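Q: What follows is a predicted protein model with its sequence.
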Amino acid sequence: MKDRIGMNSLRNIVETEVRNLGRKIYGTVSTEYTHSTPVFDPIQNKALMTPEKDQEGYWIGGSSILKDGEEILLYYRLRDPYRRGWKSVIAKTCDGEKFEEINSFTAEEFNSHSLEGGALQKKDGEYILYISYHEKTSGQWKIDRIKSETVEGLNSEKREELDLSTGFTHVKDPVVDGEDLIVHTASKNFTRHGNFRVKNPEGEPEIEKIEFTDESPEGRITSTLQISGEKYYFYDWLPSIIFTGEEKTKIGVEQDGKIQGLMSGRTAIGSSSGTNSLRYVKTVEVNGELWFYYEKSMAGKGHELCMVKMSKQEVKERLDSLKKSVNKEKVE
């Protein structure tokens, strides 16, 4: 109870209410976005986990997915308006829908105001968790790496900070992309953002900025999908800075080393309820299907963790169609 009445908790609540008011005002003078379902329809999804309250600031999401033999491992974050990201969990499942918690971490373990997005990887028989957090001492967003031979053995006491020289103060929300890591960055005052690819993250990291061709570089990359020789990117998008925490999802494709947006202007994938937010899209392939996991807003503006299963062939056809329509617009 002490945590719920502290100054940090009060600040979190005030920030939540200010953004909520800002979105209401914004919505009266501007069209927020045009809803689109080019790949999957959020209305057809299955809710896996819901927060303790369906209210502003109560979130479950920021997930990461890893296929480990016959099992699926899921990392996700729990948040409320008082403590922000107070806990992160690793759970396992065989059917992709019913999860058993097997490990967890708290913000206190990281001397952190908030735990954020994480990324799971298995390499050479060893499990790796990249976890981001808002450090109390420095006020910075940082990413730590934890390794173990078992998922249960991943322990915050064994963590080591990633030393990433991106030129930005803050770094968070890691994404595993093959052997590489993708991270989202922000300047000290959060006015500038960017995405960076980190090659050789376990040795001497090679860091390069990821460029977009016709979309804002502030879009936060949340996952990649390699299909039929094409590499697609899912990324969170803001119609305005006041929508921080309530982003929608856009899709891009890699062309000539850059990301070409396939959803122009204010077109994005969003929830049909609450703040219309849908973010942190992740995919995993299981027996010819692609399982999409994401965090989306509920009627009362809380965020729930959802998933939808689709055949890989159907996803391919839909992405091909989306890409063709964009190329046709360019020609015309």
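A: Arrived safely, thanks for sending. Numbers count the residues shown, from 1 in each chain.

Q: Please make it C-alpha for all contacts and neighbour counts, starting now.
A: Will do.

Q: max-length strand in the protein?
A: strand 112-123 (DSSP state E).

Q: name the helices or strands packed onto that strand?
A: Strand 112-123 is packed against strand 59-68, strand 71-80, strand 84-93, strand 126-135, strand 170-177, with contacts defined by 3 or more C-alpha pairs under 8 Å, 6 or more residues apart in numbering; DSSP states H and E.

Q: Show the average pLDDT along the third one.
A: Read it as strand 84-93. Confidence for strand 84-93, expressed as mean pLDDT, is 97.

Q: How about the second one?
A: For strand 71-80, the per-residue pLDDT values average out at 97.

Q: Same question for stretch 205-217.
A: For stretch 205-217, the mean pLDDT works out to 82.

Q: distance between that stretch and the chain's centre?
A: Averaging C-alpha coordinates over stretch 205-217 and over its chain gives two centres that are 17 Å apart (C-alpha atoms, centre = their mean, to the nearest Å).

Q: what's it in contact with?
A: Contacts to stretch 205-217, defined as C-alpha atoms under 8 Å, 6 or more residues apart in numbering, come from residues 164-166, 193-200, 257-261, 264.

Q: what do you get for stretch 224-241?
A: With C-alpha under 8 Å, 6+ apart as the test, stretch 224-241 has contacts from 32-33, 177, 218-223, 244, 246-254, 259, 266, 268, 279-283, 316.

Q: With stretch 186-199 instead?
A: Residues lying outside stretch 186-199 but in contact with it, judged by C-alpha under 8 Å, 6+ apart, are 166, 168-171, 179-185, 205-211, 217-221.

Q: of these, buried ones?
A: Neighbour counting over these (16 or more other C-alpha atoms under 10 Å) leaves 166, 168-171, 180-185, 205, 207, 210-211, 217-221 as the buried ones.

Q: how about the helices of the stretch 201-332 of the chain, start to end?
A: Ranges of helices in the stretch 201-332 of the chain, per DSSP state H, counting those that start in this stretch, are 312-331.

Q: coming back round to it: which ones among the buried ones among the contacts of stretch 186-199 map onto strands?
A: 170-171, 180-185, 207, 210, 220-221.

Q: Can you read off the pLDDT for the nearest residue to Trp291 once chain neighbours are set aside?
A: Nearest residue to Trp291, sequence neighbours excluded (C-alpha to C-alpha, 6 or more residues apart in numbering): Lys309, at 4.5 Å. The pLDDT attached to Lys309 in the predicted structure is 96.

Q: wait, isn't Lys309 in contact with Tyr293?
A: No: contact status for Lys309 versus Tyr293: not in contact, 9.0 Å apart, counting by C-alpha atoms under 8 Å.

Q: that's a strand at Pro38, yeah?
A: No: Pro38 sits outside any strand when classified using DSSP: H, G, I helix; E, B strand; the rest coil, being coil.

Q: Now do the same for it: its pLDDT.
A: In this model, Pro38 is scored at 93, pLDDT.

Q: ok, so what distance separates it from Glu97?
A: Pro38 sits 23 Å away from Glu97 when distances are taken as C-alpha to C-alpha, to the nearest Å.

Q: follow-up on the earlier one: and the residue nearest to Trp291, how far from Ile90?
A: Lys309 sits at a distance of 21 Å from Ile90 (criterion: C-alpha to C-alpha).

Q: Compare those two (neighbour count), which wins?
A: A count of neighbours by other C-alpha atoms under 10 Å puts Ile90 above the other of Lys309 and Ile90, at 24 against 19.

Q: Distance of the more buried one relative to Ser223?
A: According to C-alpha to C-alpha, Ile90 stands 18 Å off from Ser223.

Q: could you list every residue that touches the closest residue to Leu78 other than its chain neighbours?
A: If you skip the residues right next to it in sequence, Leu78 has Ile60 as its closest partner in space, 4.9 Å away by C-alpha to C-alpha, 6+ apart. Contacts were defined as C-alpha under 8 Å, 6+ apart; by that measure Ile60 touches 49-51, 76-79, 295, 303-305.

Q: again, only using 7 Å
A: Shown here is Ile60, whose contacts under the criterion C-alpha atoms under 7 Å, 6 or more residues apart in numbering are 50-51, 76-79, 295, 303-305.

Q: Provide a list of residue ranges in the stretch 1-150 of the chain with pLDDT below threshold.
A: In the predicted model of the stretch 1-150 of the chain, residues 1-32 satisfy pLDDT under 70.

Q: which pair in the ones in strands among the buried ones among the contacts of stretch 186-199 spans the largest distance?
A: Spanning the widest gap among these are His170 and Asp180, at 19.2 Å by C-alpha to C-alpha.

Q: Tell me how many other residues crowd the nearest residue to Tyr294 once chain neighbours are set aside.
A: Nearest in space to Tyr294, with sequence neighbours left out and distances taken as C-alpha to C-alpha, 6+ apart, is Val281 at 4.5 Å. As a burial measure, Val281 scores 27 neighbours (other C-alpha under 10 Å).

Q: How about the one 5 residues further on?
A: The burial count assigned to Val286 is 17, neighbours taken as other C-alpha under 10 Å.
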